[in-house]
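Colleague: Show me how the following folds:
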Amino acid sequence: MPDGRGSRDDDSGPGRPHRTDHTLDTAVEHARKGDEDAFRHLYRAVQPRLLNYLRALVGQADAEDVASETWTRIARDMRSFRGAGDEFRAWAATIAHHRAVDHLRRRRPGTPLPIEDMPHRAASNDTEREAAESISTASALALIAELPPDQAQAILLRVVVGLSAPSAGKILGKRPDAIRTAAHRGLRNLARRLQPAAKANGDHSRRTSRRTVSLPSPATTLGEAT
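Modeller: Below is the predicted model:
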């Protein structure tokens, strides 16, 4: 079933979100009216990327629990949501972001955000586009942890979740052009790291690492999503 990745803004370059899937728009409309099949469509469309985002923020072990909290909140507030498919994806990511912040506060104040290192699929060449495509692999998510925090966050929201620059900017409290610039620089940095990392990890692809990505402080994020 189509996954509904899309953006209504005219972003370009590596990691550009897919075009709007109007079946997601329809599913949002029906889910707001209580259609359970439509809500399941939303879950199947949004959950895979959302879960990867949460794995990067809170770690492999806790991502499922935080995702469950996120979808519980989405289900509770679905009838009051206003917007189409792209807006729903951004809304879900905003809720997930806040749930991740809350989870990390409960776990241990000041704890850095882990990324779990899992089996790697090497990029075939050092290009930004190849780097964007390789981010679907878990060890590429681990490499994102080595980037400056602004670049890591921009890539996670733009490429992993598939949000537009304006939507990602709202979550991070930044202007869209700052998000585009950070994602562009981050993908260039990531491309340079991917191939050497693939060689270095040849015999250690299943080793777990505790690399970290920093979330913006709560003061710089949006208020609690409703």
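
Colleague: can you list the weak-confidence ranges in the protein?
Modeller: By pLDDT under 70, the low-scoring segments of the chain are 1-21, 108-138, 195-226.

Colleague: give me that answer again for 80
Modeller: 1-21, 107-142, 145, 193-226 (pLDDT under 80).

Colleague: Show me what the lengthiest helix in the chain is packed against.
Modeller: Counting by DSSP state H, the longest helix found in the chain is helix 176-200. Contacts defined by 3 or more CB pairs under 8 Å, 6 or more residues apart in numbering; DSSP states H and E place helix 176-200 against helix 128-134, helix 138-144, helix 149-155, helix 165-172. To be clear about C-beta, it is placed using only N, CA and C from the backbone, and glycine gets the same treatment.

Colleague: what angle separates that helix from helix 165-172?
Modeller: Between helix 176-200 and helix 165-172, the angle comes out at 90 degrees (axes from the mean of the first three to the mean of the last three CA atoms, to 10 degrees).

Colleague: closest to W71 out of the helices and strands packed on helix 176-200?
Modeller: helix 165-172 (17.6 Å; CB to CB).

Colleague: Which other helices and strands does that closest one contact?
Modeller: Helices and strands touching helix 165-172, as assessed by 3+ CB pairs under 8 Å, 6+ apart, comprise helix 85-107, helix 149-155, helix 176-200.

Colleague: Tabulate the CA atom coordinates of the shortest one in CSV.
Modeller: Extracted C-alpha coordinates of helix 149-155, given in CSV (Å, rounded to 0.1, in the frame of the first residue of the first chain):
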residue,chain,number,x,y,z
PRO,A,149,23.4,17.9,16.0
ASP,A,150,21.7,20.4,13.6
GLN,A,151,22.7,18.3,10.6
ALA,A,152,21.7,15.1,12.3
GLN,A,153,18.2,16.4,13.2
ALA,A,154,17.6,17.9,9.8
ILE,A,155,18.5,14.6,8.1
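
Colleague: Now that helix: buried residues?
Modeller: 150-155 (16 or more other CB atoms under 10 Å).

Colleague: cool, and the last one?
Modeller: For helix 176-200, a neighbour-count test (16+ other CB under 10 Å) marks 176, 178-187, 189-191, 193-195, 197-198 as buried.

Colleague: Quick one: name whatever helix or strand follows the helix or strand hosting H41.
Modeller: Element membership of H41 [criterion: DSSP states H and E] is helix 36-58. Sequence-wise, the next helix or strand downstream of helix 36-58 (DSSP H and E) is helix 60-77.

Colleague: what's the angle from that next one to helix 36-58?
Modeller: With the same axes, to 10 degrees defining the directions, helix 60-77 sits at 140 degrees from helix 36-58.

Colleague: Going forward, count from 463.
Modeller: That works, and once the first residue is 463, the last one we named lands at helix 522-539.

Colleague: Only alpha carbons, please: show helix 522-539 as CSV.
Modeller: C-alpha atoms of helix 522-539 as CSV (Å, rounded to 0.1, in the frame of the first residue of the first chain):
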residue,chain,number,x,y,z
GLN,A,522,16.4,0.3,19.4
ALA,A,523,15.2,-1.0,22.8
ASP,A,524,12.8,1.8,23.6
ALA,A,525,11.6,2.9,20.2
GLU,A,526,8.6,0.5,20.0
ASP,A,527,7.3,1.7,23.4
VAL,A,528,7.7,5.4,22.4
ALA,A,529,6.0,4.7,19.1
SER,A,530,3.1,3.0,21.0
GLU,A,531,2.7,6.1,23.1
THR,A,532,2.8,8.2,20.0
TRP,A,533,0.0,6.3,18.3
THR,A,534,-2.1,6.2,21.5
ARG,A,535,-1.9,10.0,21.5
ILE,A,536,-2.7,10.2,17.7
ALA,A,537,-5.7,7.9,18.1
ARG,A,538,-7.0,9.9,21.1
ASP,A,539,-6.8,13.2,19.2
